[in-house]
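K.L.:
Okay, sequence plus prediction incoming.
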Amino acid sequence: MTLLDVRDLSVTFWSGTQPSPVVTDVSLSIGEGEIVGLVGESGSGKSVTGLALMGLHDPRVTEIRGSAVLDGRQLVGMPERGLRKLRGSSISMIFQEPMTALDPVDTIGSQLTETIRTHLRLPHAAARDRAVELLERVGIGDAERRFSAYPFQLSGGMRQRVVFALALACRPRLVIADEPTTAVDVTIQAQLLRLLTDLTEEVGTAVLLITHDLGVVAEVCQRMYTMYGGRVVESGSVDSVLEVPKHPYTAGLLGSIPRAGGEGQRLATIPGRVPRPGSIHEGCIFEPRCAFSLPECAVGEIPLEPMGDGAVRCIRASELTLAGAL
């Protein structure tokens, strides 16, 4: 059953009278208990998409169009009062930078219990017990003592685990995880990813995993979307996309992954840079960096066409044979 259904989501930032479209006509879906990856280079529009779903952009300088229906409720255009009720209980976000996600002048225990009491209506003692249990579950040793600590008293990895605990405190229906394991070592990364997968299995929580790490996507996701220049350029099951990518950009990302036994070999790269947000480009937005482009790639709108178990935005998709990672 579909939990989140996003259709033609567009995000435009305004500077005075000058519009800057950053996300354009993004469509995606996530089922109950499903982990879906959203991948691409920095500047592709992944985090902007996640923040739009949470309703966290400044409405004074942001225009959001399209549709995003979570469990039957339309998120786009929902008043702030309604969004506040959903955040934490129905939808939550794990932010990439824990120092900006945590209140520096409040203890982590107080922040956890406030979230729990606000949404679950538990008495203080029960909320405190649940907060300590969450700290233990995300791998924070001596949780009783750490409960009274301030964020600055914890390492970056511990702060990120607290952010996990906050996002999962009320067992939301959907978690948007924005580069959730960037600040932790591989051991803790495995533990936190296991926590996410356990949550999906136990209570059916769905996860939108925003990441540039295709290894993590291969490990925990069932489906994936590739974003470039604020658009979805490819989607499909993880196995099909990683084995036989249909879009040259996805293939380029896969080609840049270090290989076992490849010591001393130069890593493959994608020439050029991600286009600046708001830049206007005719035809395929990836065309200036694409090794397979033809003159017709630079003309007209390139639609996202169904292909296999997903879709691809490339007029040469059916004729190209691109190398995968699996």
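P.N.:
Ah, there it is. Numbers count the residues shown, from 1 in each chain.
K.L.:
Could I get the full set of strands for the stretch 101-250 of the chain?
P.N.:
174-178, 206-211, 223-228, 231-237 (DSSP state E, counting those that start in this stretch).
K.L.:
Please identify the most buried of the ones you listed.
P.N.:
strand 223-228 (a mean of 26; mean count of other C-beta atoms under 10 Å). Backbone N, C-alpha and C define where each C-beta goes, glycine included.
K.L.:
Can you show me the helices along this structure?
P.N.:
Secondary structure of the chain (DSSP state H): helices at 46-54, 80-86, 98-101, 108-120, 124-137, 143-146, 156-168, 186-203, 214-220, 238-243, 248-255.
K.L.:
Can you lay out the strands of the stretch 101-250 of the chain as JSON lines showing mean pLDDT?
P.N.:
Conversion of the strands of the stretch 101-250 of the chain to JSON lines gives the following (pLDDT from 0 to 100):
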{"stretch": "strand 174-178", "mean pLDDT": "95"}
{"stretch": "strand 206-211", "mean pLDDT": "96"}
{"stretch": "strand 223-228", "mean pLDDT": "97"}
{"stretch": "strand 231-237", "mean pLDDT": "97"}
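K.L.:
now for these, which one comes closest to Arg161?
P.N.:
Proximity to Arg161 (C-beta to C-beta) singles out strand 174-178 among the strands of the stretch 101-250 of the chain, at 13.1 Å.
K.L.:
Might you report the residue contacts of Glu301?
P.N.:
Counting by C-beta atoms under 8 Å, 6 or more residues apart in numbering, Glu301 touches Gly283.
K.L.:
The most centrally placed residue in the chain pairs with what?
P.N.:
Taking C-alpha atoms, centre = their mean, the centroid of the chain lies closest to Ile210, which sits 2.3 Å from it. Per DSSP bridges, the residues bridged to Ile210 are Leu38, Asp178.
K.L.:
Likewise for Pro21?
P.N.:
Here Pro21 sits in beta bridges with Thr12, going by DSSP bridges.
K.L.:
May I ask which helix or strand of this protein has the lowest mean pLDDT?
P.N.:
Lowest mean confidence among the helices and strands of the chain (mean pLDDT, DSSP states H and E): helix 98-101, at a mean of 79.
K.L.:
Tell me the helices and strands packed up against it.
P.N.:
Counting contacts by 3 or more C-beta pairs under 8 Å, 6 or more residues apart in numbering; DSSP states H and E, helix 98-101 packs against helix 156-168.
K.L.:
for this protein, which spans come out with low pLDDT?
P.N.:
By pLDDT under 70, the low-scoring segments of the chain are 183, 258-265, 326.
K.L.:
what about Leu322, neighbour count?
P.N.:
Per other C-beta atoms under 10 Å, the neighbour tally for Leu322 reads 18.
K.L.:
The closest residue in space to it that isn't next to it in sequence: neighbouring residues, count only.
P.N.:
Excluding the flanking residues, the one nearest Leu322 by C-beta to C-beta, 6 or more residues apart in numbering is Ala251, at 3.9 Å. Number of residues near Ala251 (other C-beta under 10 Å) recorded here: 25.
K.L.:
Ala251 and Ala325 touch, don't they?
P.N.:
No: in this structure Ala251 lies outside contact range of Ala325 using C-beta atoms under 8 Å: 9.2 Å.
K.L.:
May I have the residues that are in contact with the residue nearest to Leu322?
P.N.:
Contacts for Ala251 were tallied using C-beta under 8 Å, 6+ apart; they are Pro245, Leu322, Ala323, Gly324.
K.L.:
nearest residue to Ala325 other than its sequence neighbours?
P.N.:
Closest residue to Ala325 apart from its sequence neighbours, by C-beta to C-beta, 6+ apart: Leu254 at 4.3 Å.
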